[in-house]
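A.B. asks: Have a look at this prediction, sequence included:
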Amino acid sequence: MPMNEIHDPAILIRTLAEFRYEMRRFYQFSEKAALDAGTHPRQYQLLLQVAAAPEGTNVTIAYLAERLGLKHNSTVELVDRSENEGLVGRYEDSADRRRTILRVTRKGHQLLSKLAGQHGRELNEAAPRLIQALERIRSHAHKEAE
């Protein structure tokens with residue numbers, strides 16, 4: 001990017017708009033893929049968070065609410081629906097019997113594997129555009145900090 005463009009607010013605005021557009025395209029792809037697979041997009045997000053929790057992390061309602069950006073009661077409803085569909089299971093926490101730990105079921109893992117593969121392929125195509133926009137934003141922020 002030429003130096004005179006780095007401090008141009010119009011360039012930053014266009015770059016931010018392009019980044020948001022690319023993110024929105026991916027988000028729309030993700031929603032459609034989940035729906036086509038027979039699940040709600042938020043259930044896919046829930047499966048991702050449960051399955052990808054760091055080792056040793058107890059996946060609780062509170063953990064999921066934080067990771068999904070949802071309120072506690074909304075998370076409970078989402079977990080209830082996902083459990084009813086056989087995607088996750090609830091297990092008593094051996095260390096604290098008042099707490100429930102969530103795990104992805106075999107059915108949930110199958111769905112997650114299918115969707116993760118589709119998402120990986122889509123991200124492989126979108127990555128160059130997303131990276132370019134992020135690099136331009138980062139460059140702008142770096143130059144502004146100087």
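C.D. replies: Now that the structure is in, tell me what you want to look at.

A.B. asks: In contact with the closest residue to residue 48 other than its chain neighbours, which residues?
C.D. replies: Counting by Cβ to Cβ, 6 or more residues apart in numbering, residue 48 lies nearest to residue 112, which is 7.0 Å off, once chain neighbours are set aside. The C-beta positions use only the backbone N, C-alpha and C, and glycine is treated the same way. Residues in contact with residue 112 (Cβ atoms under 8 Å, 6 or more residues apart in numbering) are 44, 47, 48, 51, 104.

A.B. asks: Mind checking which of the residues you listed are in helices?
C.D. replies: Among these, the members falling in helices (DSSP state H) are 44, 47, 48, 51.

A.B. asks: okay, residue 12: pLDDT?
C.D. replies: pLDDT, residue 12: 81.

A.B. asks: What count of nearby residues applies to residue 115?
C.D. replies: Burial measure for residue 115: 20 neighbouring residues, criterion other Cβ atoms under 10 Å.

A.B. asks: name the element it belongs to?
C.D. replies: helix 106-145 (DSSP states H and E).

A.B. asks: Low-confidence stretches in this protein?
C.D. replies: Where the chain drops to pLDDT under 70, the residues are 1-7, 142-146.

A.B. asks: Nearest the geometric middle of it, what residue?
C.D. replies: residue 45 (5.8 Å; Cα atoms, centre = their mean).

A.B. asks: Brilliant, that's me finished.
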